[in-house]
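[1] Give me coordinates for this.
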Amino acid sequence: MENPTPDVLKLSSRGQNTRKNFGNAGARKRGEANFMRAFERAYFARASARGLAAGEFSLAGFGVADLVWIGLTKGAGLNEFTALALEKQLRKRQLHAFEGKLKDWRRALQQAFRYRYFADKAIVVMPSENAGPAVANLEAFRHSSVGLWTFEVTTGKIREHYTPTRVRAFSVEAREKAIRTLSSKVDLSQL
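    Residues are numbered from 1 along each chain as shown. Predicted structure coming up:
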């Protein structure tokens with residue numbers, strides 16, 4: 001388990017490597033994975049992040065998010081180091097799901113919209129140089145309440161074109177399942 005900063009607990013996905021399902025075409029996914037790892041580092045550094053993150057987060061029926069994030073504040077009430085106390089605290093926080101795409105904004109929007117069932121905010125992240133068509137169609141993102149951010153790998157600059165506000169997950173049950181899944185992956189000795 002690799003922790004990008006001392007205050008970010010990066011959870012292991014330990015799921016199957018879905019890239020293997022696609023044979024040689026899966027090699028293209030490596031570029032997307034590298035893009036998202038660079039985005040993670042920049043996002044955690046920018047936010048002075050403190051919280052839980054999981055890459056390639058799979059929730060049956062809702063797809064595989066490239067990154068999910070639950071931010072915690074200092075003194076988040078984690079004085080009691082039990083799975084139940086952690087799950088209770090995570091329920092009070094916003095769950096963000098990120099979908100990274102190098103080019104295909106329509107597919108990214110479709111995938112991120114599915115994450116809205118379990119995530120409070122779903123955000124598409126694209127490279128700045130390829131995001132022109134997505135930015136030109138920003139109304140589609142607003143209509144779906146899915147955020148659009150761009151990221152420049154060379155500078156580490158993140159630009160928020162649209163971030164939904166006052167939104168919650170579509171399904172309370174799916175959100176609860178996502179929280180249970182995340183909290184079950186936490187090694188409490190690391191808190």
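[2] Could you list the buried residues of the helix or strand hosting Ala53?
    With secondary structure defined by DSSP states H and E, Ala53 is part of strand 51-58. For strand 51-58, a neighbour-count test (16 or more other CB atoms under 10 Å) marks Gly51, Leu52, Ala53, Ala54, Gly55, Glu56, Phe57 as buried. The C-beta positions use only the backbone N, C-alpha and C, and glycine is treated the same way.
[3] is it true that Ala119 lies in a helix?
    No - counting by DSSP: H, G, I helix; E, B strand; the rest coil, Ala119 is not found in a helix; it is coil.
[4] quick one on the thing from earlier: distance from the strand holding Ala53 to the middle of the chain?
    Distance, stretch centre to chain centre, for strand 51-58: 6 Å (CA atoms, centre = their mean, to the nearest Å).
[5] Strand partners (parallel or antiparallel) of that strand?
    According to DSSP bridges, strand 51-58 forms sheet pairs with strand 8-11 (parallel), strand 64-71 (antiparallel).
[6] what mean pLDDT does stretch 10-20 have?
    The pLDDT scores in stretch 10-20 average 55.
[7] swap in stretch 144-161?
    pLDDT averaged over stretch 144-161 gives 96.
[8] How about exporting it as CSV, limited to the C-alpha atoms?
    Taking Å, rounded to 0.1, in the frame of the first residue of the first chain, the C-alpha atoms of stretch 144-161 are listed here in CSV:
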residue,chain,number,x,y,z
SER,A,144,-25.8,15.4,-15.5
SER,A,145,-24.3,17.0,-12.4
VAL,A,146,-21.0,15.5,-13.3
GLY,A,147,-17.9,17.7,-12.8
LEU,A,148,-15.3,18.4,-15.5
TRP,A,149,-11.7,19.1,-14.5
THR,A,150,-8.6,19.3,-16.7
PHE,A,151,-5.1,18.4,-15.6
GLU,A,152,-1.8,19.3,-17.1
VAL,A,153,0.8,16.6,-16.3
THR,A,154,3.9,18.6,-16.9
THR,A,155,2.9,21.4,-14.5
GLY,A,156,0.6,19.5,-12.2
LYS,A,157,-2.0,22.2,-12.7
ILE,A,158,-5.7,21.2,-12.0
ARG,A,159,-8.4,23.4,-13.5
GLU,A,160,-12.0,23.0,-12.3
HIS,A,161,-14.2,23.9,-15.3
